[in-house]
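Colleague: predicted model, plus sequence, below.
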Protein chains: 2
Amino acid sequence: MPRPHSALRLVDVAAEAGVSLATASRALAGRDGVSERLAAHVRRVAGELGYVANMHARSLAGGSTSTVGLIVHEIGDPYFSEIASGVLRLAGTEDRMVQICHSGRDPEVELRQIRMLIAHRVGVIIVAGSGYTDPALQAESKAELAAFQEAGGRVAVIGRHHVSADAVLPDNEAGGRAVAEHLLSLGHRRIAIVSGPGVLTTVTDRLAGIAAALERHGLRLADLPVVQTDFTGSGGRLAAAEILREYPRTTAIIALNDAMAIGVLSTLRAHRVAVPERISVAGFDDVSVAADLNPGLTTVRLPMTQMGELALELALKPPVARPRRKGTGHELVVRDSTGPVPS
Amino acid sequence: MPRPHSALRLVDVAAEAGVSLATASRALAGRDGVSERLAAHVRRVAGELGYVANMHARSLAGGSTSTVGLIVHEIGDPYFSEIASGVLRLAGTEDRMVQICHSGRDPEVELRQIRMLIAHRVGVIIVAGSGYTDPALQAESKAELAAFQEAGGRVAVIGRHHVSADAVLPDNEAGGRAVAEHLLSLGHRRIAIVSGPGVLTTVTDRLAGIAAALERHGLRLADLPVVQTDFTGSGGRLAAAEILREYPRTTAIIALNDAMAIGVLSTLRAHRVAVPERISVAGFDDVSVAADLNPGLTTVRLPMTQMGELALELALKPPVARPRRKGTGHELVVRDSTGPVPS
DNA sequence: CTGAAAGCGCTTACAG
DNA sequence: CTGAAAGCGCTTACAG
């Protein structure tokens, strides 16, 4: 198999620096047991020579690998591709490679991928897909990740997972509250929800926020139509058709992510339903095209790219006793797809 | 570093199967020198035990790695995330991991990433970003990839690159011709082009197609405004503003990819320019939101997901003397953003 | 067709 | 603080 031109080995660096293999290894790993002066010298020599450790040898010998494993539900979905972009960007500046795999929103596949990544001896695992509300669905993944951390691996998750690890927590509940408040303040009461799979914590958290806002206005989520569908554009299209058919008096639709909201807009347009004059539509995430739609989509902005960067940043920090948890903040972005309730 | 529970080694499989380490290795690698009966037996035992080779040991010993390296310009761009999705999908079914990295449309970064991937001993490299028209810009990458292939690595590229490797060739020129023909047949003559960086083969090929169509109608590309900008949404926005300002009589705009076309639509909308009544707009790629825009974007569909799958498929086939080249086909998708020239 | 042994490039006890 | 040596789990000449 290909071996890089620069088949420079640690022995070469050691020889050049005039130290033993062991000392060179310790110096570069930043392990103690080497005088600071010597270590600095070795590092300088390694730098001048452009030495890059053979990750396979390192891993085989029991060292850790700099590779980052990233699990997303589906990279073709802009929500995840923006997160991945953030991870790749930061990884690039740290000279780390990123292995990406699909979980397809299937806990079993997710488990398989986690095992694959561990088998490949990645040093870091980032789980970017939503967690599952039912702990049983994640029990095995949780055990696997715990063992991985026990053995020195680093883990960070994006979203609410049943895993004890550093976490980036999207402002799902507060965002749900904000978007619902927005529609309520515009006078809407006959609001329909286009929801994703109820097993995802992302979905339940966003719904919880919406429910909280409704209650402050004396409404109950249970009394509103909640159409559960795929977390995708075609899911949104189907759901919108159902809403038009079953709940024709609806004046506003909240889709639990932008992909679905875009599908909703598409169906409404096909049915020549004026947005926002007859029905207001709001989404969640603020994927980059949301601003370019017509009408521009009112949505809750989550900083996906930064979320990816932040997750990797957390994972790269030395672990602490209690996992870190970082909120993301959110921002209600009001564009043209929402307006006053039709009189 | 984390070691999987199933720290099952090849010796364990060999013992269980009652053969030597060497025989077990050969049997699983499908190398000859083992009777077919014995080999089958070893493979069955390995399967039952759930054995997975330690890729690091394999790589160190000189074997090849099943990891796939994928280089994209920017994973946040839907064109690339759809290609990546195809690669990940096929890789998943083959139990291969995929390492993705950004080249940022910078030949130097691309070269660095290629070197990184080779240093990580990936078995396959897929270059998904456009090639560069100037061979000098790719000279080093080309040499690096050639050496990699020489050493047994497999390479596939998407787009026209100065590399001798299996290639998936998007129908850029024919697509350019199709979209230009479409606008010409609608009566447009004052067509402006929103172009990406002229150093990319994707750009020059699409322009060449447009030029060919124009010539058939007695027009010359050189006489039309070609605004060169970033291959992104904001590039499209800027270019559209320039066109409105400098070439106010323009009746149609061809953007060389959908990202830019979406930016163009956005700017036209901000300026209250009716599409397609006053200006028609067409894009290229058919990213998934193109259908959901309002007006729906007329564009040239390239099968990005399949392109990703196909590239990996080619790379996974045994190499042949002459690199394979597969065209992608294309399809002009006429939606609502293009219409007859205003009278 | 099959096996014993060397070696890939590291890290890490174990001595000094 | 530093070094010599064993060992990680494979593959691949080299013998038989």
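Modeller: Thanks, I have it.

Colleague: please make it C-alpha for all contacts and neighbour counts, starting now.
Modeller: Will do.

Colleague: tell me the contacts of residue A:330?
Modeller: With contact taken as C-alpha atoms under 8 Å, 6 or more residues apart in numbering or on different chains, residue A:330 is in contact with A:170, A:171, A:174, A:175, A:300, A:301, A:302, A:303.

Colleague: make it 10 Å
Modeller: A:170, A:171, A:172, A:174, A:175, A:178, A:285, A:300, A:301, A:302, A:303 (C-alpha atoms under 10 Å, 6 or more residues apart in numbering or on different chains).

Colleague: nearest spatial neighbour of the residue most central in space within chain A, skipping sequence neighbours?
Modeller: By C-alpha atoms, centre = their mean, chain A has its centre lying nearest to residue A:128, at 3.3 Å. Once flanking residues are discounted, residue A:128 sits nearest to residue A:158: 4.8 Å by C-alpha to C-alpha, 6 or more residues apart in numbering or on different chains.

Colleague: tell me the contacts of the one you found?
Modeller: A:72, A:83, A:126-131, A:166-170, A:307-308, A:310-311, A:325-326.

Colleague: next one: phi and psi at it?
Modeller: phi -110, psi 120 (degrees, to the nearest 10).

Colleague: go on, residue A:163?
Modeller: Residue A:163 adopts backbone torsions of phi -140, psi 140, taken as degrees, to the nearest 10.

Colleague: specify the residue positioned farthest from the middle of chain A.
Modeller: The centre of chain A is farthest from one residue, residue A:18, which by C-alpha atoms, centre = their mean lies 46.4 Å away.

Colleague: ok, back up a step: hey, what's the residue nearest to residue A:128 bridged with?
Modeller: Beta-bridge pairing of residue A:158 under DSSP bridges involves residue A:168.

Colleague: how close does it get to residue A:315?
Modeller: Using C-alpha to C-alpha, to the nearest Å, we find residue A:158 at a distance of 11 Å from residue A:315.

Colleague: which residues are in contact with both of the two?
Modeller: A:126, A:166, A:167.

Colleague: tally of neighbours for the second one?
Modeller: What it means is residue A:166. Neighbour count of residue A:166, defined by other C-alpha atoms under 10 Å in any protein chain shown: 24.

Colleague: tell me the contacts of it?
Modeller: Per C-alpha under 10 Å, 6+ apart, neighbours of residue A:166: A:126, A:154-158, A:311-312, A:314-315, A:317, A:319-320, A:322-326.

Colleague: for it, phi and psi?
Modeller: Taking degrees, to the nearest 10 as the convention, residue A:166 sits at phi -60, psi 140.

Colleague: tell me the secondary structure at whichever residue of the stretch 151-300 of chain A sits closest to DNA strand C.
Modeller: Residue of the stretch 151-300 of chain A nearest DNA strand C, by C-alpha to the nearest atom of the strand: residue A:152 (10.1 Å). Three-state assignment for residue A:152 (DSSP: H, G, I helix; E, B strand; the rest coil): coil.

Colleague: now it: how far from residue A:145?
Modeller: Residue A:152 is 11 Å from residue A:145, by C-alpha to C-alpha.

Colleague: give me the more crowded residue out of the two.
Modeller: residue A:145 (23 against 16).

Colleague: isn't that one up against residue A:165?
Modeller: Yes. With contact defined as C-alpha atoms under 10 Å, residue A:145 reaches residue A:165; the gap is 8.8 Å.

Colleague: got any residues that touch both of these two?
Modeller: Counting by C-alpha under 10 Å, 6+ apart, the shared contacts of residue A:145 and residue A:165 are A:154, A:155.

Colleague: check what pLDDT residue A:53 gets.
Modeller: The per-residue pLDDT reported for residue A:53 equals 85.

Colleague: same deal with the one 5 residues further on?
Modeller: pLDDT recorded at residue A:58 is 87.

Colleague: anything in the helix or strand it falls within near DNA strand C?
Modeller: Using DSSP states H and E, residue A:58 sits in helix A:55-60. Yes. Applying C-alpha under 7 Å from any atom of the strand, one finds helix A:55-60 touching DNA strand C at A:57, A:58, A:59, A:60.

Colleague: how about that helix and chain B, any contact?
Modeller: Yes. Counting by C-alpha under 10 Å from any C-alpha of the partner chain, chain B has neighbours in helix A:55-60: A:55, A:56, A:57, A:58, A:59, A:60.

Colleague: most surrounded residue in the contacts of residue A:330?
Modeller: Comparing the contacts of residue A:330 by number of neighbours (other C-alpha under 10 Å), residue A:172 comes first, having 30 neighbours.

Colleague: what pLDDT does the model give that residue?
Modeller: We have a pLDDT of 98 for residue A:172.

Colleague: look up the closest residue to it, ignoring the ones flanking it.
Modeller: Distance criterion C-alpha to C-alpha, 6+ apart; nearest residue to residue A:172, sequence neighbours excluded, is residue A:206 at 4.9 Å.

Colleague: so what's the one you found up against?
Modeller: Residue A:206 neighbours (C-alpha under 10 Å, 6+ apart): A:171, A:172, A:173, A:174, A:175, A:176, A:177, A:179, A:195, A:256, A:257, A:284.

Colleague: how close does it sit to chain B?
Modeller: From residue A:206 across to chain B, the span is 24 Å (C-alpha to the nearest C-alpha, to the nearest Å).

Colleague: and the stretch 1-150 of chain A, which residues reach DNA strand C?
Modeller: So far as C-alpha under 7 Å from any atom of the strand goes, the stretch 1-150 of chain A lies against DNA strand C at A:7-11, A:21-23, A:25-26, A:29, A:52-54, A:57-63.

Colleague: much appreciated, bye for now.
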